[in-house]
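Visitor: here's my sequence, what's the structure:
(one chain, ligands or ions: 1)
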Amino acid sequence: MRSEYDAQRLIRRSPSLLDVPEGDPIEIVVAAEQVDHVIGVAVYGPDGPDAVTIWSLGVIRPRQRQGVGTSLKTAVLAEVAFRPDWPAKVQSVVHRENAPMLRINEKLNARIDTDPLDVRYCLTALVPKKLA
Ligand SMILES: CC(C)(COP(=O)(O)OP(=O)(O)OC[C@H]1O[C@@H](n2cnc3c(N)ncnc32)[C@H](O)[C@@H]1OP(=O)(O)O)[C@@H](O)C(=O)NCCC(=O)NCCS
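Guide: Numbering: from 1, shown residues only. The predicted model follows:
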């Protein structure tokens, strides 16, 4: 993934991807206060043989800075830990000025490197311990 545009394109394509048996699956984890009130979403899935990419992660403004984003990323890591057939590494691309998202990665002990192809972005990587 190189940019937010890639993520948006992927999300638009995801319903058709779900119908392609050989395609990489896309998973969506949703944080909700009630059944009908979504407050945050993470979209992720295997991205080739080496990594699971988090394509997009967002929390509605009124519920930001309350731990929801951290919980969503933690839920993705837990899911990857329980998928024996998925790559071990979880990666994402974060703008270098996105302090909250970088802080979440820092709290989860992610490796954070400047993207060698575009210094405006950071590449994050985590390897949760496989449980299955
Ligand atoms: C990034 C985002 C998902 C974070 O969600 P969130 O629910 O607010 O995150 P959390 O509350 O779990 O954690 C945010 C952390 O960043 C810190 N933080 C928030 N704003 C900050 C700022 N401007 N500078 C430094 N740290 C900041 C918070 O204090 C918190 O750290 P702490 O737990 O040590 O106190 C949310 O801001 C968002 O949806 N942004 C728009 C979409 C986006 O940028 N997505 C990521 C694309 S890669």
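Visitor: please make it C-alpha for all contacts and neighbour counts, starting now.
Guide: Noted.
Visitor: nearest residue to the middle of the protein?
Guide: Ile54 (2.2 Å; CA atoms, centre = their mean).
Visitor: so that one touches Val90, yeah?
Guide: Yes: between Ile54 and Val90 there is a contact at 7.2 Å, judged by CA atoms under 8 Å.
Visitor: mind checking which helix or strand the residue nearest to the centre of the chain is in?
Guide: In this assignment (DSSP states H and E), Ile54 forms part of strand 51-59.
Visitor: the ligand contacts on this protein?
Guide: 56-59, 64-70, 93-94, 99-101, 103-104 (CA under 6 Å from any ligand atom).
Visitor: now, of the residues you listed, which are buried?
Guide: 56-59, 68-70, 93-94, 101, 104 (16 or more other CA atoms under 10 Å).
Visitor: turn the residues you listed into a markdown table, columns for pLDDT.
Guide: Output for those, formatted as a markdown table (pLDDT from 0 to 100):
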| residue | pLDDT |
| --- | --- |
| Ser56 | 91 |
| Leu57 | 94 |
| Gly58 | 93 |
| Val59 | 94 |
| Val68 | 96 |
| Gly69 | 97 |
| Thr70 | 97 |
| Val93 | 95 |
| Val94 | 96 |
| Met101 | 97 |
| Ile104 | 98 |
